[in-house]
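Asks: Provided below are the primary sequence and the corresponding predicted coordinates.
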Amino acid sequence: IGTAAADRYVVVMAFGRSSPSGTRVLNTLTIGGNAATELIERTVGSTAVAISILLVPTGTTADIVATWGGTMARGAFAVYTITGLRSTTLVDSISATGADPTGTIDVSAGGCILACVSNELNTAGTTWTGVTEFSDDIVASSELFSTGELDYAAAVTNQTVTADLVSAGTSTNLLAVSLR
């Protein structure tokens, strides 16, 4: 989780796909044995994504554990660290679905946007608008989980964030949060 700092927050974007098919929610997510606060979650079909945050001022590594509301066939995490965060209260958020999910989000000066998308049966990748790609992973050979982030020096109103899916899959979930 990187260099320790008194104001270091760890943000985890979690993806999961249920087995057998069915809707699942993220019950808890722990970082180093401590419960993180869920900022936002979205479930479509049998796939779910969530973004959680926790102040972790000490240590350089930590076990991250997701407990879902049922059996999951596969999952993945993307982990970010943020220092200098003024509040864990969201400035704004996006929760969207569709072939190329998109939305608009407000960002405070000195803030950031963190975004993730999952797409079942897509192994071709994502092109992001509004954030810079951080990861573009194929999970268990059949699920796309892609993430992005961008810091903003100046405030922006109605910043578009789009996950342009290179190939159409199913059960698409896009989440984006704006923090300052």
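Replies: Thanks, I have it.
Asks: any idea how far T157 is from V91?
Replies: 11 Å (Cβ to Cβ, to the nearest Å). All C-beta spots, glycine's among them, are computed from the backbone N, C-alpha and C.
Asks: Now do the shared contacts for the two.
Replies: Applying Cβ atoms under 8 Å, 6 or more residues apart in numbering, one finds that T157 and V91 are jointly contacted by D106.
Asks: Comparing these two, which residue is more hemmed in?
Replies: Set side by side, T157 and V91 show more neighbours around V91, with 18 against 9, by other Cβ atoms under 10 Å.
Asks: Surely the more buried one touches V107?
Replies: Yes: counting by Cβ atoms under 8 Å, V107 is a contact partner of V91 at 6.6 Å.
Asks: quick one: common contacting residues for the two?
Replies: Shared contacts of V91 and V107, counting by Cβ under 8 Å, 6+ apart, come down to S178, R180.
Asks: where does A99 land in three-state SS?
Replies: coil (DSSP: H, G, I helix; E, B strand; the rest coil).
Asks: and the closest residue in space to it that isn't next to it in sequence, backbone torsions?
Replies: Among residues not flanking A99 along the chain, A168 sits closest, at 5.6 Å (Cβ to Cβ, 6 or more residues apart in numbering). Dihedral angles of A168 (phi, psi; degrees, to the nearest 10) stand at phi -80, psi 130.
Asks: What of P57?
Replies: According to degrees, to the nearest 10, P57 has phi -80, psi -20.
Asks: any idea how far it lies from V10?
Replies: Distance from P57 to V10, by Cβ to Cβ: 10 Å.
Asks: list the helices and strands whichever strand or helix holds F15 packs on?
Replies: F15 belongs to strand 9-18 when assigned by DSSP states H and E. Other elements packing on strand 9-18 under the criterion 3 or more Cβ pairs under 8 Å, 6 or more residues apart in numbering; DSSP states H and E are strand 26-31, strand 47-55, strand 64-68, strand 72-82, strand 112-120, strand 143-151.
Asks: That one - what's its average pLDDT?
Replies: Averaging pLDDT along strand 9-18 yields 95.
Asks: got it, and stretch 166-175?
Replies: Averaging pLDDT along stretch 166-175 gives 87.
Asks: Show residues contacting that stretch.
Replies: With Cβ under 8 Å, 6+ apart as the test, stretch 166-175 has contacts from 13, 40-51, 93-99, 101-103, 115-127, 144, 161, 163, 165.
Asks: Show me what stretch 60-75 is in contact with.
Replies: Under Cβ under 8 Å, 6+ apart, the answer for stretch 60-75 is 1-4, 10, 12, 14-20, 22, 24-33, 48, 56, 77, 79, 139-140, 143.
Asks: Give me the neighbour count for A5.
Replies: When neighbours are counted by other Cβ under 10 Å, A5 comes out with 14.
Asks: Appreciated, that's everything.
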